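Student: Pasting a predicted model and its sequence here:
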Amino acid sequence: MFYYKKKPSSYPKSYQEDYNKQIMGHSLPTGTVAFLFTDIQGSTQLWQKHPAAMPQALTRHHALLSQAIESHGGYVFQIIGDAFCGAFHTV
């Protein structure tokens, strides 16, 4: 099951719109699927130490990962905080 989990309200609304556009109208992977799971190590501590800088860093992180996944034929199917979940048709 592929789904998109809504991001916290602290993230720009454009994230929701971008990922909805990415998923809508695309054929999601079926059969043998490769999955990608990412997470920023120590992000809780980074938010505590650098609360003013983290929103911009997270925006850049999301843009880089989205572009990398999409450019390799993948689909982002869930984002939770700084964690991305992607799927690809083939390995």
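Tutor: Right, received. Where do you want to start?
Student: Do I have it right that Phe77 meets Gly86?
Tutor: Yes - between Phe77 and Gly86 there is a contact at 6.9 Å, judged by C-beta atoms under 8 Å. (Each C-beta comes from the backbone N, C-alpha and C, glycine too.)
Student: Report all helices and strands that the strand or helix carrying Leu36 contacts.
Tutor: Using DSSP states H and E, Leu36 maps to strand 34-38. Secondary-structure packing of strand 34-38 (3 or more C-beta pairs under 8 Å, 6 or more residues apart in numbering; DSSP states H and E): strand 83-88.
Student: Buried residues in the next helix or strand after the strand holding Leu36, which are they?
Tutor: The helix or strand immediately downstream of strand 34-38 is helix 43-49, counting by DSSP H and E. By neighbour count with 16 or more other C-beta atoms under 10 Å, helix 43-49 contains the buried residues Ser43, Leu46, Trp47.
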